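Visitor: need a 3D model of the following:
(2 chains)
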Amino acid sequence: MTTTPIADRTTSVAARATDLSKIYGQGETQVVALDQVSISFRQAEFTAIMGPSGSGKSTLMHCVAGLDTFSSGSVRIGDTELGSLKDKQLTKLRRDKIGFIFQAFNLLPTLTALENITLPMDIAGRKPDKEWLDSVIRMIGLSDRLKHRPSQLSGGQQQRVAVARALASRPDIIFGDEPTGNLDSRSGAEVLGFLRNSVRELGQTVVMVTHDPVAAAYADRVVFLADGRIVDEVFEPTADSVLDRMKRFDAKGRTS
Amino acid sequence: MFRTALRNVLAHKARLLMTVLAVMLGVAFVSGTLVFTNTISNAFQNSSAKGFDQVDVAVQAKSQDSKGDTVGKTPELTQAMLDTSAKVPGAASATGVVNGFTAIADKKGKLIGGGFQSEGGNYWGDKDARYPLKSGTAPHGSGQVAIDSETAKRAGYKVGDTVRISVDGPVLSPKITGIFTTDDGNVTAGGSLALFDTATAQKLFGKAGTYDEIDVKAAAGTSQAALKSALDQALPKGQTETTTAQKLADDQAETIASSMSGLKSGLLVFAGIALFVGTFIIANTFTMLVAQRTKELALLRAVGASRRQVTRSVLLEAFVVGAVAAVAGLVAGIGIGAGLRGLMGTIGATVPDGPLVITSGTVLSALAVGILITMLAAWLPGRRAAKIPPVAAMSSVHATATTKSLVLRNTLGALFSGAGIAVVIAATTMNGSDGQAPMGVGAVLLIIGVFILTPLLSRPLIAAAAPVLRIFGISGKLARQNSVRNPRRTAATASALMIGLTLITGMTVMAGSLQQAIDKMASSAISADYIVSMANGNQLSPDVDKTLTTTSGITASSPLRNAPSRIDGETEFLTGVNGSAIGKLTDLKVDSGTFKVAGTQVVVDDDTAKSHGWKAGSTFTTHYEDGKAQQLTVSAVYEGNALIRGIMLDNATLSPHQTDPADMQILVKTADGASSSTKDKLEKALGSNPAVKVQDKKDLSNSIAQVFTLILNMVYGLLAMAVIVAVLGVINTLAMSVFERSQEIGMLRAIGLDRKGIKRMVRLESLVISLFGGVLGLGLGVFFGWAAGELIGAKMSTYELVVPWARMALFLLLAGTVGVLAALWPARRAAKLNMLSAIKSE
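Guide: Down below sits the predicted model:
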C-alpha cells in the first residue's frame, strides 16, 4: 500500500493540510509535534486518525479544526485558509463550519439535551432548521429525552447528544477527539454507528482521533501517524487489519 | 499534617488572595480604630495634664443639691475667698479664674470656629503663668484683649489690630495687646480663646467681684494634699469644694477616655460589620477549596488519616491564612490610624500632637480577630471535608450538593424570618425606647432568616431577570443559569453585599423621613419669619430682646425664656414668652382647650401634660427659682415639637421671679416677611454681632438637613468598608466559578462562542448576583427604615415614611457597578483560557 497522501482524488475536499508543521520550544528543547504533514479530508468520508500517544494525532486534528495554531504550512477548511485568520474569525469559522465531539462529552449541565443540541445555533443567533433538527434527533433516538439535563442521562446518551449537537448546525466537517474513549463498548458502538450513518446517509464529513482499532474500523479510511508524520493509510479497514498495522509499527518502533 | 496544610496554602495562593484581602481589610479597620483612638486620647491626656501645670489645688463653688420646693442658688467665690486662699500656709500664689463664652470675628466679621468652642477668660495681672505671651503685653482695661496664637494665625491678627468680639450682647472692638500660647483643650481642638483683664472679664461675664475658680499654687515642699486640707480649713464651710490638680487631671483623663470609648465602640461596630461580611467570603473560599480537593482529601482518609486530622488540616490552613491576613491588616491599620489623625488635621479639627500609640492590646486583638474569624468561617467547610468518604478517592465524579439539606435550611430560614418580621412589627407598636431592644433583636433575626433563605430566594428573583438577560442572547441565558447553579455560593456572595446595602438603605430611609418630619414640624409650627439665637446655643443677652422690640419693621417678637422651677417636687423648665405675641409667632396644633398665655393662664405640650396627668383646665402649683410659689391654670394642651415644647407662660408673670432672664431664642415676625434685605436689616440692628445668629425658616431647614447629611455621609463612609469587602467576595466567587467551569468555557470557545461572549457571560453573572444582593438589601433596608421610623417617629404627627427613590435607584446602580467592576478580572481570565488545556482538564 502507498504511504503518500492521496490528494488527487476527484471528489471535492472538505479540509486540507499542506506541509503542516507544529514545533514547540526552541533550540535544544525543541519538540516537533507535526513534521510537514500533508493530508486531505474528502467530503462525505469518515476518516480515523490513529497512532501511538505522542505521535501528533491530536495535534493534527486540533490544528486542522482551528483549535490550535501551527508553526508553518497551510490549513484550509473549504476555501478558507486558517493561517491568516484572527481569533475572532477563527471562532466564527468553528461556529459555522465545524462540529466537535469531545471525549468528555462536554455538555453544559445547566442546559437540557435539546438546548445543548441547538447551542451552536444559539451562539450564532440563528434559528435551527426544524426539519433537519428533527431528522438528526430521530436518528440518534433521543426524542423522549430532550427535556432531560445531562446529569439525568447515561454516558452513551450524553455522547449521542454531543453527536447531535455536532450534526445539528450542518457543519462542513465534524471533528471527534476520542469520542468513544469514555464509553463502554456498546454505547461506543452506538455512537460510532451514528457517525457512520451521518456520513453514509447525510453526506457528512467526519474526522476522528482514536486509539481503538474497533472504533477505527467504522471509518472509510484510517491514517496512521508516528513522530509527527503520516506513516501509513488503510482504506475500508477492519478491526483486524488496523490491529495488524499497529503491530507492525510497534515492531518497527522497537527495532529502529 | 501541618506540612500538608502549609503546602495547600501555598498551592492556592491566588485563590486565597481575596480571602486574605477580606480578612485584612476587616482587621485593618479594627486596628486602625484602636490605634487612632488610643493615639488621640493619649495626646489629649498629655495636653490636659500639661494644662494643670500651674495649679496644685483648685477651689470651686460647692454645687448646691436642690432639695424641697426651692431651686437652690449656687454660692459664689468672692474676692475675700481668693485673698484667704493666697494666705493659706503652704500656698505660693492664688489665681482667680473667670470664664465665659466669647465670640471672635474674623476680618470679614464672621465668627471664628464653631461657636461651641469660643471661650473667653481673664488674664491674671501682668504676667499670667498659664498663658505665656508670644508677643505684646497683658491686656488692661475694657479696651484691650489678648488672643491665642492659633486663632491669631488663622484670622491673620497681629498685636495692635482691632478685633470685633462679642460676649453676649453688644459687640466690643478692643485692641489686641498680646498674643499668647496655650495648651487649653478647647483651643487645641480648634476653638478660640480671648482674655481680658480680670475686672473686665468679671464685668463682661456678669460675675462682678466673683470668680469661677481659684487656682492655688503650692509653695515648694508643700504637697497637694496638705495644701488642700489647709484650704479646706481656711475657707468658709459648705460653700467651696477643693480638688487637687492630680484629681482634676485624672478626672479629665477619665472624661476623655469615656468620650473616646464612645467613638471607639462606634467605629468598632462598623469594623465588626465589615468582618462579618468577610466571614461569608472566607467560608465560601474554604467550601470551594474543600470541594476541589475532594479526591485529595478522600485519598488522605483512604491512607489512614482520621476525620479529626482532616478537619484539623483545613483549620490549620485557615489559621495560616488568618495569621498572614491579620499581620497585614495590623500594618495597614497602623497606617490608617496615622492617616486618620492627619485627615483630622486637614479638616480643621486640631488634634494635639503626640506619638502614635500602638498598645499590645491593639496588636493582640487584631491578630486574635483575624485568626479567629478565619478559623470560625472555615470550621463548617472543615467539618464537611471530614465527612468525605475514603471511597470518593476512587470515583471520578465530584460530589454534588444535595438539595436535601436545603429543605432544612429553608424551613429554618422561614422560621427565623417570620419571627424577625413579627418581632419588628410588634416593636413598632411599642413606646419609643421600650421598642428599641426588641426591634434590634427582630432585625437581627430577620437578617439571619433572609440570609438562610437567600438560596431559595435566588431562583425566583433571578428568574425574574430572565427577560432582560434574554437581550444578551446565549451569554445572558448561560449567565442566568450559572448564577443559580450553586445557590449557596451565590447566596453567600449576594448576602455579603446585601448586609451593606440594608444598612445604607435603612439609614437613608430613616434619616430622610425623620429629617422631613422635624423640618415640617419646626417650620409648620412657627409662623415667625426669623429666629434669633446665640451661635453657641447659650442664652442671649436681655439687650437683644430690648433692641428687637424697638427696631422698626418688626410686627411681633417673643423670646423663649428658660426658667427652672419645681412642680410636684421635680425640676421643670418653664418657657417664658411674650403672651400677646406668641399666638402670631407660632402655629401650634391645639389638642384641647383654648390657646391663651396671659396672667396665670399657661399652655402645656402634650408630653408634659401626659406625664403630669393634666388636661385643659387643670391647675398646678409652681415654685420659681426665687422660692415663691404660684398657682397656674392650663388653658390649652398643644402638640410639642423639637423647637417649641414645655410649659409656656407670660413673661410678665415670670419676670418678677427671675434675676437673670435666660432668652434661648427670640422669634421675630417682620412686616415685609423673610427676605435677604430684611435679614441684613435685622443683623445690622443687632450690631452685626458675630455671636448672634439670625435664621429664617430656610436656614433652619438647612441646618437640620446639614446635621442629617453629615451623619449620613459619615455612615456611608464607614459602611463603604463593608461594601468593599463584599466586592472582594464577588470577585472571589467569580474567579472560583471561572476556574471550576474552565472545561465548559473551553468547550464554548471551541464550538464558537467568541471571547466577547465569554466575557459578557461572566460579567452578566456578576451583575445578576450583585443586583440580587442589592435588591434584597434595598428591600430589607426600606423595611427596617420604616420600622425604626415608626418607633422614633410615632411621637411626631408630621412623621411619614419618605422612600428615597432616587437614592435607592442610585444604590441599585452602585450594586450593578460593583458587579461589573468585580467581573473585570475574572472575565478577562475566562476569555484568555487556553481552549485545549481547558477541555482536557478534568
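
Visitor: ok, now which ones touch the residue positioned nearest the centre of chain B?
Guide: With distances taken as Cα atoms, centre = their mean, chain B has residue B:711 as the residue nearest its mean C-alpha position (6.1 Å). With contacts defined as Cβ atoms under 8 Å, 6 or more residues apart in numbering or on different chains, the neighbours of residue B:711 are residue B:511. Bear in mind the C-beta positions are built from the backbone N, C-alpha and C, glycine included.

Visitor: gap between the nearest residue to residue B:628 once chain neighbours are set aside and chain A?
Guide: When the adjacent residues along the chain are set aside, residue B:628 lies closest to residue B:657, with 5.8 Å between them (Cβ to Cβ, 6 or more residues apart in numbering or on different chains). Distance of residue B:657 to chain A, computed by Cβ to the nearest Cβ, to the nearest Å: 83 Å.

Visitor: likewise residue B:533?
Guide: In this structure, residue B:533 and chain A are separated by 66 Å, where distance is defined by Cβ to the nearest Cβ.

Visitor: any idea which element that residue lies in?
Guide: Element membership of residue B:533 [criterion: DSSP states H and E] is strand B:530-534.

Visitor: cool, and residue B:250?
Guide: Mapping residue B:250 onto the secondary structure by DSSP H and E places it in helix B:245-292.

Visitor: that helix: what's the following helix or strand?
Guide: In the C-terminal direction, the helix or strand that comes right after helix B:245-292 (DSSP H and E) is helix B:294-302.

Visitor: how big is the angle separating that following helix from helix B:245-292?
Guide: Using axes from the mean of the first three to the mean of the last three Cα atoms, to 10 degrees, the direction of helix B:294-302 lies 90 degrees away from that of helix B:245-292.

Visitor: which elements pack onto the helix or strand following helix B:294-302?
Guide: Past helix B:294-302, further along toward the C-terminus, the next helix or strand under DSSP H and E is helix B:307-346. With contacts defined as 3 or more Cβ pairs under 8 Å, 6 or more residues apart in numbering or on different chains; DSSP states H and E, helix B:307-346 has these neighbours: helix B:2-11, helix B:13-51, helix B:245-292, helix B:294-302, helix B:360-386.

Visitor: and the third one, does that touch chain A?
Guide: No. No part of helix B:245-292 sits near chain A under the criterion Cβ under 8 Å from any Cβ of the partner chain; the closest distance found is 15.0 Å.

Visitor: what's the offset of that helix from the middle of its chain?
Guide: Its chain's average C-alpha position is 14 Å from that of helix B:245-292, according to Cα atoms, centre = their mean, to the nearest Å.

Visitor: avg pLDDT for that helix?
Guide: Mean pLDDT, computed over helix B:245-292, is 81.

Visitor: in the stretch 601-750 of chain B, which spans are strands?
Guide: B:601-605, B:619-623, B:629-638, B:647-650, B:662-670, B:692-696 (DSSP state E, counting those that start in this stretch).

Visitor: check chain A too.
Guide: Under the criterion DSSP state E, chain A contains strands at A:13-24, A:31-42, A:46-50, A:72-77, A:80-81, A:98-101, A:173-177, A:206-209, A:221-226, A:229-235.

Visitor: so which of the ones you listed is nearest chain B?
Guide: With Cβ to the nearest Cβ as the criterion, chain B lies closest to strand A:98-101 of those, at 5.4 Å.

Visitor: what's in contact with the closest one?
Guide: Where contact means Cβ under 8 Å, 6+ apart, the residues beyond strand A:98-101 that reach it are A:65-66, A:77, A:94, A:120, A:159, A:162-163, A:165-167, A:169, A:171-177, A:179, A:208, B:747, B:750-751.

Visitor: direction included, what does it pair against?
Guide: When sheet partners are counted by DSSP bridges, strand A:98-101 sits next to strand A:173-177 (parallel).

Visitor: now the partner strand - C-alpha only, PDB.
Guide: Backbone C-alpha positions of strand A:173-177 (Å, rounded to 0.1, in the frame of the first residue of the first chain) are rendered in PDB as follows:
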ATOM      1  CA  ILE A 173     -16.800  18.900   8.800                       C
ATOM      2  CA  ILE A 174     -17.000  17.200  12.200                       C
ATOM      3  CA  PHE A 175     -14.000  16.500  14.400                       C
ATOM      4  CA  GLY A 176     -14.100  13.900  17.100                       C
ATOM      5  CA  ASP A 177     -11.400  13.600  19.700                       C
END
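
Visitor: for it, what is the average pLDDT?
Guide: Confidence over strand A:173-177 (mean pLDDT, whole number) is 93.

Visitor: what of stretch B:58-73?
Guide: Averaging the model's pLDDT scores along stretch B:58-73 yields 61.

Visitor: dump the strands of chain A into JSON lines; add mean neighbour count and distance to residue B:110 as well.
Guide: Putting those into JSON lines (neighbours: other Cβ atoms under 10 Å in any protein chain shown; distance: least, Cβ to Cβ, whole Å) gives the following:
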{"stretch": "strand A:13-24", "mean neighbour count": "19", "distance to residue B:110": "77"}
{"stretch": "strand A:31-42", "mean neighbour count": "19", "distance to residue B:110": "81"}
{"stretch": "strand A:46-50", "mean neighbour count": "27", "distance to residue B:110": "89"}
{"stretch": "strand A:72-77", "mean neighbour count": "17", "distance to residue B:110": "80"}
{"stretch": "strand A:80-81", "mean neighbour count": "13", "distance to residue B:110": "78"}
{"stretch": "strand A:98-101", "mean neighbour count": "26", "distance to residue B:110": "77"}
{"stretch": "strand A:173-177", "mean neighbour count": "26", "distance to residue B:110": "81"}
{"stretch": "strand A:206-209", "mean neighbour count": "26", "distance to residue B:110": "85"}
{"stretch": "strand A:221-226", "mean neighbour count": "23", "distance to residue B:110": "90"}
{"stretch": "strand A:229-235", "mean neighbour count": "18", "distance to residue B:110": "92"}
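
Visitor: quick one: contacts for residue B:609?
Guide: Applying Cβ under 8 Å, 6+ apart as the definition, the contact partners of residue B:609 turn out to be B:615, B:618, B:634, B:637.

Visitor: outline the domain layout of chain B.
Guide: Under automatic domain parsing, the residue ranges defining each domain of chain B are B:57-254, B:456-526+B:698-842, B:537-690.

Visitor: between the two ends of the shortest one, how far is it?
Guide: According to Cα to Cα, to the nearest Å, domain B:537-690 extends 13 Å from its N-terminal end residue to its C-terminal end residue.

Visitor: what's the neighbour count on the closest residue to residue B:721 other than its chain neighbours?
Guide: Counting by Cβ to Cβ, 6+ apart, residue B:274 is the residue found nearest to residue B:721 once chain neighbours are left out, at 4.4 Å. The criterion is other Cβ atoms under 10 Å in any protein chain shown. On that basis, residue B:274 has 26 neighbouring residues.

Visitor: distance of residue B:274 relative to residue B:387?
Guide: Computed as Cβ to Cβ, to the nearest Å, the residue B:274 to residue B:387 distance reads 31 Å.
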